[in-house]
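**Student:** Based on what follows, work out the 3D shape:
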Amino acid sequence: MNTKKILLLLISLVILVNYDNYMLPDRSELARKITLLQNKIAREKRLNAMKILPEDLNIEAKSLFFDAKTTSYSKAMGELQHIVSDAASNLCNVRNIKWAQMAANEEAYEKLSLDVSLECTPGNFLRFINRLRSKNKLVTIHNLLLGPVPKKSTLIVSFQLHGYRIKDAD
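**Tutor:** Numbers count the residues shown, from 1 in each chain. Reported below is the predicted structural model:
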């Protein structure tokens, strides 16, 4: 009789543990989502209360792009290459920078594309990204590929970097 009670207790514990782990919704996930949403709402309220105007930011959109009237395609590409080399100096080893072909665009801007390959540590790559962000030109990174260098603690980082040249900057 005693063994039947123990067996019944063990079966009920197995059912309880499985029910608790697999059947009930994960409340910690919900609590995390609620906290995240509350933080986002509070940040948006703070930003809305600040009432920041574009004039307050002191950013002129024309300064973020290369101007087609004053800068040729090759000069803009050279400046873009210099921006990448300058951001990578003393942080990453520049393995390769290759100019992509000039795209025929009918839009108001042209994409200036560079294929870049770097070798650096993960921390230095983040510093490289921060240096790129601090430059006075808008650049975007596409097709990011990361891979380890064999027998080293560094990464091979390959990506396409796009700068923009405005055709009609009025």
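
**Student:** next structured bit after the helix or strand of the chain with the lowest mean pLDDT?
**Tutor:** Every helix and strand of the chain was ranked by mean pLDDT, DSSP states H and E. The lowest is helix 54-57, at a mean of 68. Next in sequence after helix 54-57, counting helices and strands by DSSP states H and E, comes strand 66-67.

**Student:** State the next helix or strand along the chain beyond that following strand.
**Tutor:** From strand 66-67, the next helix or strand downstream (DSSP H and E) is helix 73-88.

**Student:** Please name every helix or strand in contact with that next one.
**Tutor:** The helices and strands touching helix 73-88, judged by 3 or more CB pairs under 8 Å, 6 or more residues apart in numbering; DSSP states H and E, are strand 66-67, strand 93-99, strand 109-120, helix 122-134, strand 155-166. (Glycine included, C-beta is placed from N, CA and C.)

**Student:** tilt between the second one and helix 122-134?
**Tutor:** Between strand 93-99 and helix 122-134, the angle formed by their directions is 40 degrees, by axes from the mean of the first three to the mean of the last three CA atoms, to 10 degrees.

**Student:** Give the pairing partners of strand 93-99; include direction for each.
**Tutor:** strand 109-120 (antiparallel) (DSSP bridges).

**Student:** ok now the strand it pairs with, how far from the chain's centre?
**Tutor:** Centroid separation between strand 109-120 and its chain, computed with CA atoms, centre = their mean, to the nearest Å, is 15 Å.
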